[in-house]
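Student: Dropping a prediction and its sequence here:
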Amino acid sequence: MASVDDKQQPAGETHAEDGVRRRDFLNIAAVSVAGVGGAVVLLPLLNQMNPSADVLALSSIEVDLSPIEEGQAIKTVWRKQPVFIKHLTAREIAEVETIDVSGLRDPQTFEERTLEGHRNWYISLAVCTHLGCIPLGSAEGENKGEYDGFFCPCHGSHYDAVGRIMKGPAPENLAVPEYEFTSDTTVTIG
Amino acid sequence: MSFPWAEQYTPKNPFMKWMDERLPLPRLVYNSVGAGYPVPRNLNYWWNFGVLAGLFLVIQIITGIVLAMHYSSDTSVAFWTVEHIMRDVNSGWLMRYLHANGASFFFIVIYIHIFRGLYFGSYKAPREMIWLLGMVIFLLMMATAFMGYVLPWGQMSYWAAQVITGLFEAIPLVGTPIKQWLLGGFAPDNSTLNRFFSLHYLLPFVIAGVVILHIWALHIPGSSNPTGVDVKGPQDTVPFHPYYTAKDGFGVGVVLILLTIMVFFLPNFLGHPDNYIEANPLQTPAHIVPEWYFWPFYAILRAFTVDFILPAKLWGVIAMFASILILFFLPWLDKSPVRSGRYRPQFKIWWWVLLADIAILGYLGGAPAEEPYVMFSQAASIYYFAHFLIVLPIISRTERPRPLPNSITEAVLGKDESGSPELPGGTAEPVAAE
């Protein structure tokens, strides 16, 4: 490349004292502009694969809790992901309160897992934090695991009744989404 | 396959040496579009359009792959997935407008590239194969563009599919079965849309393959040049890189500015509003025309209005296909040994007449099918065929060309001091580099 330039360059023209030619500057400037332009074009090309506006618009749902009896749990769908909504019994609450939080892999108290004034409702994603399967334990007769909560059949993670990881490969507790009670029997998730 | 004085690829970096012995891909690039490809020193900006065509093939493939991630070719949702792309997908509007306007730019660039070849005689020996492969690419592009236009499943999409497949119905005996085979039904429907989507995704890669053959065939004799005189020695050429990478780079910058102006400020200028209405098999839009780049051929199709031995419809279809096929025979219709139109005073005039004729056909193809447009279409169609079948063969015999320069260097500098003897290009003995 350079040798070609030298060959074609009439002797002495634009050669500065320090050996840097005007053409070197133009070369670097032109290639830089093209490079920056090309890199900027990558942004929309990559961004187009992010969730689109219609997907993000599904990010909040309202659930009527009145049909859920104490001791029952349901699975609903939020952002195309399953969500547990569980009506805790007094026995389950008493049970999880006895667990020593400091010994847990992902230490969270019962109070942190539920909302003030609605302690008998447990809501979390039904997505195992190991590799994304749906844990069992919400429907009647399903394996609730060794801690009387949830059990993931894929790789054997055991969660307690408020979704805290007790045993098995999952690294974290089941994720609790943002939610609020709009009345005593309706909850808005997301 | 290159001139003997081409610069040799000599990797200095140890990794590049290691690579060169195992997979000499950098060597291929160096010899194709690098310093290893000597190119006539006198190429003007009309020679930018091959690279620009390659650029638009790449833009179309990249934006097309993006659109295919969000599009669905089911007739019940196809139209709405295009709206989804326009409204919901991040930068979806940008991708779609780039793809739609990119198609138009691809054709603008290709038409200029073809007319460059026509003016400078790029189709003549020893470059006939480059021309033939180019025509194959042109045909594939037309098929791809047509099927792409059907995908949004708007009114123009639907009726384009109906009308174009209807052309095949003109074929005697087997016409109707062929149309039904193409559509997978009696009218455009789900099966049609699905196969068009499949083929619209496939054909660009077939085009890319033929482009490789086109460039391969080009690199055997090397690029032609505005004088049409063969390269005679190293003084007639410069290395592709940096000379023509820089010159092409400038052209790429200019054309991308024009493309972005269209995409950002006039995105629907070349489209039809009716295509934002979902396909309706029970209602034809009042004025249906193809995309602008098909207009000249569409005018020829509609020029036949009277049955003459065969039905008028069949004549129109034959003429339209013949208008493209005739270009395949061009290297053997124009027998003048002088390549460049610069040195052919009569040819030059007729080249302008052909350009005007095709522009007029283009205008008429976009006009309604009524008088006086039909009459003009008939006259312009007659000239189109006469140009190739009568004018070119005659002037290639009768015309007295102007004297050619002795060499490219002489044409550029007014003198050629290398003193190289008259040798046919490509086989010249290597002359010691300066």
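Tutor: Now that the structure is in, tell me what you want to look at. As the structure is a computational prediction, the values presented were derived from the model and not from experiment.
Student: what helix or strand is the nearest residue to residue A:80 once chain neighbours are set aside on?
Tutor: With sequence-adjacent residues excluded and distances taken as CB to CB, 6 or more residues apart in numbering or on different chains, residue A:80 is closest to residue A:58, at 7.4 Å. All C-beta atoms are positioned from the backbone trio N, CA, C, and that covers glycine. Using DSSP states H and E, residue A:58 sits in no helix or strand.
Student: What's the separation between residue A:58 and residue A:74?
Tutor: Computed as CB to CB, to the nearest Å, the residue A:58 to residue A:74 distance reads 19 Å.
Student: The residue in chain A that chain B sits nearest to: which element?
Tutor: Among the residues of chain A, residue A:44 lies closest to chain B, at 3.5 Å counting by CB to the nearest CB. Assessed by DSSP H and E, residue A:44 sits inside helix A:22-47.
Student: Contacts only, for the residue in chain B that chain A sits nearest to.
Tutor: For chain B, the residue closest to chain A is residue B:91, as judged by CB to the nearest CB, at 3.5 Å. Residue B:91 makes contact with A:44-45, A:47-48, according to CB atoms under 8 Å, 6 or more residues apart in numbering or on different chains.
Student: Which of those sits closest to residue A:125?
Tutor: Of all the contacts of residue B:91, residue A:47 has the smallest distance to residue A:125: 25.7 Å, by CB to CB.
Student: count of neighbours near the spatially closest residue to the closest one that is not a sequence neighbour?
Tutor: In space, and not counting its chain neighbours, residue A:47 is closest to residue B:90: 4.6 Å by CB to CB, 6+ apart. When neighbours are counted by other CB atoms under 10 Å in any protein chain shown, residue B:90 registers 18.
Student: Next, the contact list for the residue of chain A closest to chain B, please.
Tutor: Shown in contact with residue A:44 (CB under 8 Å, 6+ apart): B:90-91, B:94-95.
Student: Mind doing that once more with 6 Å?
Tutor: B:91, B:94 (CB atoms under 6 Å, 6 or more residues apart in numbering or on different chains).
Student: pLDDT value on it, please?
Tutor: Listed pLDDT for residue A:44 reads 95.
Student: Report the contact partners of the residue nearest to residue A:47.
Tutor: By CB under 6 Å, 6+ apart, residue B:90 lies in contact with A:47-48, A:50.
Student: for it, phi and psi?
Tutor: Here is the backbone geometry of residue B:90 (degrees, to the nearest 10): phi -60, psi 120.
Student: Only the C-alpha atoms, please, for stretch B:385-397, written as PDB.
Tutor: What follows is stretch B:385-397, C-alpha atoms only, in PDB (Å, rounded to 0.1, in the frame of the first residue of the first chain):
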ATOM      1  CA  PHE B 385     -36.600  -4.400 -30.900                       C
ATOM      2  CA  ALA B 386     -35.400  -2.500 -34.100                       C
ATOM      3  CA  HIS B 387     -32.500  -1.100 -32.100                       C
ATOM      4  CA  PHE B 388     -31.100  -4.500 -31.400                       C
ATOM      5  CA  LEU B 389     -32.200  -6.400 -34.500                       C
ATOM      6  CA  ILE B 390     -31.700  -3.700 -37.200                       C
ATOM      7  CA  VAL B 391     -29.800  -0.600 -36.000                       C
ATOM      8  CA  LEU B 392     -26.900  -2.300 -34.200                       C
ATOM      9  CA  PRO B 393     -26.100  -4.900 -36.900                       C
ATOM     10  CA  ILE B 394     -26.300  -2.200 -39.700                       C
ATOM     11  CA  ILE B 395     -24.200   0.500 -38.000                       C
ATOM     12  CA  SER B 396     -21.600  -2.100 -36.900                       C
ATOM     13  CA  ARG B 397     -21.000  -2.600 -40.700                       C
END
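Student: which parts of it are buried?
Tutor: Buried residues in stretch B:385-397, counted by 16 or more other CB atoms under 10 Å in any protein chain shown: B:387-388, B:391-392, B:395-396.
Student: what's the burial count for residue 93?
Tutor: Unless you meant another one, I'm taking chain A. Residue A:93, neighbours per other CB under 10 Å, totals 16.
Student: oops, chain B please
Tutor: 16.
Student: Check residue A:58 too.
Tutor: Residue A:58: 13 neighbours (other CB under 10 Å).
Student: now it: how far from residue B:359?
Tutor: 52 Å.
Student: do residue B:268 as well
Tutor: Residue B:268 is 23 Å from residue B:359, by CB to CB.
Student: can you list the residues of the stretch 201-350 of chain B near chain A?
Tutor: Counting by CB under 6 Å from any CB of the partner chain, the positions of the stretch 201-350 of chain B adjacent to chain A are residue B:239.
Student: Please, where are all the strands along chain A?
Tutor: A:61-64, A:73-78, A:81-87, A:121-125, A:150-152, A:157-159, A:165-167, A:179-181, A:186-189 (DSSP state E).
Student: between the ones you listed, which one is nearest to residue A:97?
Tutor: Residue A:97 lies closest to strand A:121-125 among those, at 13.0 Å (CB to CB).
Student: Give me the below-cutoff pLDDT ranges for chain A.
Tutor: A:1-17 (pLDDT under 70).
Student: got the residues of it near chain B?
Tutor: So chain A meets chain B at A:4, A:44, A:47-48, A:50, A:52-54 (CB under 6 Å from any CB).
Student: Buried only: go through those residues for me.
Tutor: Judged by 16+ other CB under 10 Å, buried ones among the residues of chain A next to chain B: A:44, A:48, A:52.
Student: wait, which of the residues you listed is closest to residue B:402?
Tutor: Set against residue B:402, the nearest of these by CB to CB is residue A:44 (52.0 Å).
Student: Relative to residue B:82, how far out is the closest one?
Tutor: In terms of CB to CB, residue A:44 sits 18 Å off from residue B:82.
Student: Neighbours of residue B:29, how many?
Tutor: 14.
Student: Please identify the helix or strand for it.
Tutor: Assigned by DSSP H and E, residue B:29 belongs to helix B:25-33.
Student: does that helix come close to chain A?
Tutor: No - using CB under 6 Å from any CB, helix B:25-33 stays clear of chain A, with a minimum separation of 10.8 Å.
Student: so what's residue B:25 up against?
Tutor: Residue B:25 is in contact with no residue at all, counting by CB under 6 Å, 6+ apart.
Student: make it 10 Å
Tutor: Going by CB atoms under 10 Å, 6 or more residues apart in numbering or on different chains, residue B:25 touches residue B:19.
Student: cool, residue A:156 as well?
Tutor: Contact criterion CB under 10 Å, 6+ apart gives A:130, A:145, A:167-170 as the residues in contact with residue A:156.
Student: Buried among those residues? Make that a ChimeraX selection.
Tutor: To isolate the buried members of those in ChimeraX, using 16+ other CB under 10 Å:
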select /A:130,145,168,170
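Student: Export the contacts of residue A:156 to a markdown table and append columns for distance to residue B:311.
Tutor: Conversion of these to a markdown table gives the following (distance: CB to CB, whole Å):
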| residue | distance to residue B:311 |
| --- | --- |
| A:130 | 71 |
| A:145 | 79 |
| A:167 | 82 |
| A:168 | 77 |
| A:169 | 75 |
| A:170 | 74 |
